[in-house]
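Sequence first, predicted model second:
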Amino acid sequence: MMAEILTDVSADTQQMTMIQAINSALDVMMARDPDVVVMGEDVGFFGGVFRATAGLQQKYGKNRVFDTPITECGIIGVAVGMGAYGLRPVPEIQFADYIYPALDQLVSEAARLRYRSAGEFISPMTVRSPFGGGIFGGQTHSQSPEGIFTHVSGVKTVIPATPYDAKGLLIAAIEDNDPVIFFEPKRIYNGPFDGHYDTPARSWAGHPDAQVPTGHYRVKLGEARIARSGGALTILCYGTMVHVVENVVTAMGIDAEIVDLRTLVPLDIETIEASVKKTGRCLIVHEATRTSGFGAELSALVQERCFYHLEAPIERVTGYDTPYPHSLEWAYFPGPVRICEAISKILKD
Amino acid sequence: MTGPTHKDGLTDGQRAHVAPMMPVERGNLPPLRLHVPEPPARPGEQADFTHFDVPPAGSAPRPDEASAPGDMRDMAYGLIRVLDADGQAVGPWNPRLSPDTLLKMLRDMALTRAFDARMFRAQRQGKTSFYMKSTGEEAVSIGAALALSRDDMCFPSYRQQGLLIARDWPIVDMMNQIYSNRGDRLKGRQLPIMYSAREAGFFSISGNLTTQYPQAVGWAMASAARGDTRIAATWCGEGSTAEGDFHSACTFASVYRAPVIMNVVNNQWAISSFSGFAGAESTTFAARAIGYGIAGLRVDGNDVLAVQAATRWAADRARANGGPTLIEHFTYRVEGHSTSDDPSAYRSAEESGQWPLGDPIARLKQHVIALGIWDEERHAAMDRELAEMVRDAAREAEKNGILGHGLHHPMESMFEDVFEDMPWHLKEQQQQMLDEWKAAGL
């Protein structure tokens, strides 16, 4: 599915890494909307530990881009209050692994404010946070907690897989009047990742999805992207795993259809349903732990809607139900070996 | 990696998990002991407030609103009191309010109490699921509301119904919320008393404690960042000052010098846990401000003039970019926590009567009578009028339904306002619910 492109500045594009695309989205939105404020640990003068907010404080001032105390509960609580005032906060949680102290403010407050006040107050914040492993971050810098948020009513969960989508989705998230959890796959901040950790890192240079419009455009929330069309089986994935899956499929020479979900809630069920009905086979790949992970929801939905089209059991390749182990990172990571096995199994039936 | 294995086949580490824990003795040192706080009096015991030394009204100094927090630390340990035992307003904190304002406060406090009485009874009559009275604590909300501007934003806890009453919010609207009926603007989604009234500058109440604290600070920071003149105020109980949100909020308020007033209503009881479980045996709640380097005031919470004066001091300070103030309102929760608990099961029945700071309504009444602007007859007439007023309002609200009697918002409204636009999965669940009810013949 093509992204909805609404360009209002110019059609100029520029090659960007995902970090640069995110920075550009923030820049564009801060220039367009004086209500947008950026806050978080180290995001101000320094520009963020991953440089996503570099230069913004210098450009927009300390009243709109500021460092915060190290209390995620406080960051999100303050963002709820700023949203109630009428601002449009974009707090950064430095690592998704640090988001748990903010859970009450996200789950019980931001997510429910519109509902419990019958629309009197809203929480139009976008929480940016790097997530996922693959950088030897150990158990506290590698987690994928998206399933915690997809389980909560009232928040949207968005995960880009390319620089183009990162910018367009982030702009759409900031403009959205509901709270959005925007998880950024940090393993692919600076280049796509094929899953082979022992080969040299690639950059985004030359990647077609790294050509990013310099101005304003949206990638609509709730629409998946067909990363590769095919007929042999459907692979549902998002974030870093889109690139790992693409590489496996190419290496195996399989005519798979790869669906990059982009938004988990609200989910693009139509694209998923159409694809699985076409291929009759479905593999779900995510890096997060398996039990009660988002793959379980996907599996249930596919079964409910496509049961009579399925020619093989739905398979899941996910992180194991263990903490992310530091030295055994690449045994934990759902990499090419496991994905290849699963594809072979699905196609054999 | 795992160390030597013992004869039982276990390593040291495994043994540590299965062997009974044996204390380690250390020479002549006495063993450590754990202090678990215990309130002064339990049911059947004599209530005892002799340890509470009540400072005389008028004795607390009044620092300048621009004072550095470090120069006014004593204020966190004293007690600002204006009304003395004879009903005279004395000392530097006397706000010298006009007769009209004094009588408005008296009426608002009395209306709050009458409202509470009526709604408590409605819960007992099965008309709603839950209620929380503010008996004895009316001054905390009424005094603050009269010191703030009406467009200042309040982030209340669950016992600040007095704010809405002082801001003249229609009590029928409050009752509709309590009955969760079809007239409830919140569509029957919230537990009774969890009001939301944007037009009254009253933020949606959460049932999760102290979440409103950092939110109020955020609102105040936004106001300051925008060059606004409005300030924020928030309330929590002494028990929930233990929440991380409280400390996050104090840190943010201090760091950004946010124009916010943070109120701790120390009514001494958090359901059945006395204030000792929030740290009251060791220090005051106002003293929490000292560690954060913000202004802290400790106020007689049953003295509405003291509450008004302290709140005005803090509001003036905030509006002049002097930053946040933490105010502890020392009061007493006369009734149970809510309709769901029986205080006679955990505290001395005499406590309420022996609480030395008295009743806020009686104290203001004594004052306005002493001023010659009020008398017993008018007071009795006012009480009768207010009782009739809440009775009529309750009848009006009950026309819109009471909880569990069908006059609620339509079932499909359950799915509205989760998001701005309803996504497909909620539409699908909504339709499924309607189809199932239809199929069941309901």
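Yes, it's here. Residues are numbered from 1 along each chain as shown, chains lettered A, B, ... in the order given.

Quick one: end-to-end distance for stretch B:222-234.
15 Å (CA to CA, to the nearest Å).

got it, and stretch A:29-46?
Note: stretch A:29-46 ends 20 Å apart using CA to CA.

From the chain's centroid, how far away is that stretch?
Its chain's average C-alpha position is 20 Å from that of stretch A:29-46, according to CA atoms, centre = their mean, to the nearest Å.

For that stretch, buried residues please.
Residues of stretch A:29-46 classed as buried by neighbour count (16 or more other CB atoms under 10 Å in any protein chain shown): A:29-30, A:32, A:35-44. From N, CA and C alone the C-beta is placed, and that goes for glycine too.

likewise stretch A:311-329?
Within stretch A:311-329, the residues scored as buried using 16+ other CB under 10 Å are A:314-319, A:324, A:329.

quick check: mean pLDDT across that stretch?
Mean per-residue pLDDT for stretch A:311-329: 97.

now stretch B:249-260
Here the average pLDDT along stretch B:249-260 is 98.

swap in stretch B:142-161?
Stretch B:142-161 shows a mean pLDDT of 98.

Render the CA-only coordinates of that stretch in PDB, please.
What follows is stretch B:142-161, C-alpha atoms only, in PDB (Å, rounded to 0.1, in the frame of the first residue of the first chain):
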ATOM      1  CA  ILE B 142     -13.100  26.400  50.300                       C
ATOM      2  CA  GLY B 143     -10.300  28.500  51.600                       C
ATOM      3  CA  ALA B 144      -8.100  27.700  48.700                       C
ATOM      4  CA  ALA B 145     -10.800  28.300  46.100                       C
ATOM      5  CA  LEU B 146     -11.400  31.800  47.500                       C
ATOM      6  CA  ALA B 147      -7.700  32.600  47.300                       C
ATOM      7  CA  LEU B 148      -7.100  31.500  43.700                       C
ATOM      8  CA  SER B 149      -8.400  33.200  40.600                       C
ATOM      9  CA  ARG B 150     -11.300  31.300  39.000                       C
ATOM     10  CA  ASP B 151      -9.200  30.600  35.900                       C
ATOM     11  CA  ASP B 152      -6.300  29.100  37.800                       C
ATOM     12  CA  MET B 153      -6.300  25.400  37.100                       C
ATOM     13  CA  CYS B 154      -7.000  22.900  39.900                       C
ATOM     14  CA  PHE B 155      -5.700  19.300  39.900                       C
ATOM     15  CA  PRO B 156      -7.700  17.900  42.800                       C
ATOM     16  CA  SER B 157      -7.700  14.600  44.600                       C
ATOM     17  CA  TYR B 158     -10.900  13.000  45.500                       C
ATOM     18  CA  ARG B 159     -11.900  15.000  48.500                       C
ATOM     19  CA  GLN B 160     -12.000  18.500  47.000                       C
ATOM     20  CA  GLN B 161     -15.600  18.700  46.100                       C
END
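
so what pLDDT did B:S275 get?
Looking at B:S275, the pLDDT reads 97.

looking at the chain, which helix or strand does the model trust least?
This is for chain A. The weakest-scoring helix or strand in chain A, judged by mean pLDDT, DSSP states H and E, is helix A:329-332 (a mean of 94).

The intended chain is chain B.
Ranking every helix and strand in chain B by mean pLDDT, DSSP H and E puts helix B:12-18 at the bottom, with a mean of 69.

who does the helix or strand just after that helix touch, helix- and strand-wise?
Remark: after helix B:12-18, the chain's next helix or strand is helix B:99-124, criterion DSSP states H and E. Counting contacts by 3 or more CB pairs under 8 Å, 6 or more residues apart in numbering or on different chains; DSSP states H and E, helix B:99-124 packs against helix B:138-147, helix B:161-166, helix B:171-179, helix B:304-319, helix B:360-370, helix B:376-398.

Tell me which residues are up against the second one.
Contacts of helix B:161-166 with the rest of the structure, by CB atoms under 8 Å, 6 or more residues apart in numbering or on different chains, involve B:104-105, B:108-109, B:111-112, B:115-116, B:134, B:138, B:140-142, B:144-146, B:154, B:156, B:171, B:174, B:193, B:195, B:197, B:200, B:202.

Point out where the stretch 1-150 of chain B drops to low pLDDT.
Residue ranges of the stretch 1-150 of chain B with pLDDT under 70: B:1-8, B:15-19.

same check, this time on chain A
Ranges of chain A meeting pLDDT under 70: A:1-10.

Going along the chain, name the helices of it.
A:18-32, A:56-60, A:72-85, A:103-104, A:113-116, A:146-150, A:163-175, A:240-252, A:269-279, A:294-306, A:329-332, A:336-348 (DSSP state H).

Ramachandran angles for the residue of the stretch 101-250 of chain A found nearest chain B?
Per CB to the nearest CB, A:S117 is where the stretch 101-250 of chain A lies closest to chain B, at 3.9 Å. Main-chain torsions, A:S117, degrees, to the nearest 10: phi -100, psi 10.
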